[in-house]
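Q: Build the 3D model from these lines:
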Amino acid sequence: MTSAGLPKLVTMDVRGYPSLGALLRDALIMHKGETLLQSYRRKRTASSWSGLDVQRYAERVTATLQDQGLEPGGRVAILAENQPLWLVTATGVFFAGGVVVPIDYKLSPEEQQALIGHSAAQFVVVDYGIWQAWTEAPAGAKVWVLGAPEDAALGDARRAEDLCDGPAQHRARAATDLATIVYSSGTGGTPKGCCLSHGAYLAQLHALLGRFPMTPGDRYFSILPTNHAIDFMVGFLGPFTCGATVVHQRTLRPEFIRWTMQESAVTHMAVVPLLLEAFKRTIDERLDDLDGWRRTAADALVDVNARLTVRAPWHAVSSRLLKPIHDAFGGKLRVLFCGGAYTDPELCRFFYRLGLPVVVGYGLTEACTVVTVNALRPYRPDSVGSVVEGVEVRLFERDDEGVGEVQVRGSTVMLGYLDAPDLNEEAFMDGWLRTGDLGRFDASGALHLVGRQRDLIVTSGGKNVYPQDVESAFSELGAEEWAVFAHNYLWPRNELTGEELVLVVRGEMDDAMHAAFSSCNRRLPDFKRVSGVLTWSDDFPRTASMKLKRMALAEQVRDACTPEQVRR
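A: Numbers count the residues shown, from 1 in each chain. Purely as a prediction, here's the structure:
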């Protein structure tokens, strides 16, 4: 049995391939009869693609790109919402030996154009709606527009669906060659385009499939942006390699997410903590609606399931014991991958007791996707797991508590930032990638993250405080979003003494919330206690993967509020 509690079925030896193009070519042939893509618009099927369908269309993309001058190593930017043509187009680029440049479709037109220009993309494949928002085409690039009406006036651009039927030449690439340029940040400053090799993806894919294999018949619901490292790996490369189905829904309102999970009987899904919390609220509401004896019976079944699955998940049993809950998620959901932001261990335990295991990992774009990930035997949501194969991790300059900067090296680490020697000099130390994250290892080898170096707070007592440590103590607050800052960071006083902590909470706080805050705060050690609360009306700024933009929030608070507004 694997760590996911499922029979292990290895369909391809990923390590034997030199490039993603070569891997995908053989995977599509092997799985030509399997449904690899299923897409929906609201409550109707939009399209369905077999492995053979994907192969044939991708080869037409390859032929058209080559006919228009794409050479091996040429760059193709893709800006689109999650949909089959995103993945099929990327496959065609890899067949041609090209480099895929995923761009966040949620960025402003100016930010998108800046990153396209920085990447020196020769071709841009863009959704019609995004293209319409542009005031001009990217300089020096040929533009293909996805989903444009046949009679649309596109100027020098062309419809992406108008492909030629000429011969496609599969171009060989080496493991050390560039596969993608993925922008981890830089929309408001220096662009940070992570250059990732074919070998990095193949090594990462091998490591992840060793822990969480997928098989034909599995169905992965792709809701995180495909341009993000997590979905690119587990919502594209993994399923295509294993013959599993990638499910897309163009309308991601909650009711259509629920409908799609039920309609498609989704087995795997990658989420962010905010979505997990939304799922939990729905479950809590349904349980609270049960009358006395029914609620008692439901709680008893949850307890029974928790005892039966203490060593490992047991989906066959959990889905029967807790059938109404599982049916709400489609009845087949086995694994929820969660990353991109801090995930409360208690939230993970809540789902595990229901037989819906949440796999928590730690990674960064610069290391392809994942550096550490939790196993499910036994379940350990209190850490971000053990180091995956092909990666080394060290903790640099550890303190007395064993906390040091997490540094990474190995086959999955990027080649460097594109055209940014200064950034590369800062990013690497003696061959080790500096993550800026602070962590410690426990006796079992599991990594525990405690914060980031730049977020480090030094109290007046000389204690080091990591914001995430303090933030996790306020999960009972009932607020939608909250974050902890040093008072002197929000409103600099150019002093090294008298430091205090401030809790910034989105939304107004009623008396009950203030009472909960006081209760949570009292349970913290003296040096970690928050001195006051500041309410904030706007949504917290976040990245595409829902990580808090801590510095951006601090700047907004600093500009809009004064220290006197902090409630003591």
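
Q: which residues does residue 354 contact?
A: The contact partners of residue 354, taken as C-beta atoms under 8 Å, 6 or more residues apart in numbering, are 283, 302, 305, 318, 322, 325, 326. From N, CA and C alone the C-beta is placed, and that goes for glycine too.

Q: Also residue 346?
A: Listed by C-beta under 8 Å, 6+ apart, the contact set of residue 346 reads residue 475.

Q: on that earlier part again, from the contacts of residue 354, pick the one nearest residue 216.
A: Distance to residue 216 across the contacts of residue 354 (C-beta to C-beta) is lowest for residue 326, with 22.0 Å.

Q: what's whichever strand or helix holds the closest one in contact with?
A: Using DSSP states H and E, residue 326 sits in helix 323-328. Helix 323-328 is contacted from outside by 258, 262, 282, 283, 286, 318, 319, 331, 333, 354, 355, 356, using C-beta under 8 Å, 6+ apart.

Q: export the contacts of residue 354 to TSV and tack on neighbour count?
A: TSV is the format used below for the contacts of residue 354 (neighbours: other C-beta atoms under 10 Å):
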residue	neighbour count
283	16
302	18
305	22
318	26
322	20
325	23
326	19
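
Q: picking that back up, please pick the buried ones from the contacts of helix 323-328.
A: Neighbour counting by 16 or more other C-beta atoms under 10 Å classes 283, 318, 319, 331, 333, 354, 355, 356 among these as buried.

Q: still on that earlier bit, neighbouring strands for the helix or strand that the helix holding residue 326 is followed by, and are they parallel or not?
A: Scanning forward in sequence from helix 323-328 by DSSP H and E, the next helix or strand is strand 335-338. According to DSSP bridges, strand 335-338 has the following sheet partners: strand 268-271 (parallel), strand 358-362 (parallel).

Q: what does the last one contact?
A: Applying C-beta under 8 Å, 6+ apart, the set of residues contacting strand 358-362 from outside is 212, 276, 335-339, 343, 347-348, 351-352, 370-374, 376, 381, 383-385, 437, 447, 449.

Q: go with 6 Å
A: Contacts of strand 358-362 from elsewhere in the structure, counted by C-beta atoms under 6 Å, 6 or more residues apart in numbering, are 335-339, 343, 348, 351, 370-374, 381, 384-385.

Q: same question, the shortest one
A: With C-beta under 6 Å, 6+ apart as the test, strand 268-271 has contacts from 220, 221, 224, 230, 234, 335, 336, 337, 338.

Q: Keeping just the C-alphas, turn it into CSV.
A: Taking Å, rounded to 0.1, in the frame of the first residue of the first chain, the C-alpha atoms of strand 268-271 are listed here in CSV:
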residue,chain,number,x,y,z
HIS,A,268,-8.1,14.6,-5.8
MET,A,269,-8.0,18.4,-5.4
ALA,A,270,-5.5,21.1,-4.5
VAL,A,271,-6.8,23.9,-2.3
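
Q: what about residue 80, how many neighbours?
A: By the measure other C-beta atoms under 10 Å, the count of residues near residue 80 is 23.

Q: nearest to residue 548, of the contacts of helix 323-328?
A: Closest approach between the contacts of helix 323-328 and residue 548, by C-beta to C-beta: residue 282, at 23.6 Å.

Q: Let me see the contact set for residue 222.
A: Counting by C-beta under 6 Å, 6+ apart, residue 222 makes contact with 82, 231, 235, 246, 248.

Q: returning to that earlier point: please indicate which of the contacts of strand 358-362 are buried?
A: Applying 16+ other C-beta under 10 Å to those flags 335-339, 343, 348, 351, 370-374, 381, 384-385 as buried.

Q: what's the closest of those residues to residue 509?
A: Using C-beta to C-beta, the buried ones among the contacts of strand 358-362 come closest to residue 509 at residue 343, 23.9 Å.

Q: As JSON lines, the strands paired with strand 335-338 with mean neighbour count would be great.
A: Converted to JSON lines, the strands paired with strand 335-338 look like this (neighbours: other C-beta under 10 Å):
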{"stretch": "strand 268-271", "mean neighbour count": "25"}
{"stretch": "strand 358-362", "mean neighbour count": "24"}
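
Q: In a markdown table, list the buried ones among the contacts of helix 323-328 along with pLDDT, secondary structure and distance to residue 142.
A: Shown next, in a markdown table, are those (pLDDT from 0 to 100; DSSP: H, G, I helix; E, B strand; the rest coil; distance: C-beta to C-beta, whole Å):
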| residue | pLDDT | secondary structure | distance to residue 142 |
| --- | --- | --- | --- |
| 283 | 94 | helix | 49 |
| 318 | 96 | helix | 51 |
| 319 | 96 | helix | 49 |
| 331 | 96 | coil | 46 |
| 333 | 97 | coil | 42 |
| 354 | 97 | coil | 50 |
| 355 | 96 | coil | 50 |
| 356 | 97 | coil | 45 |
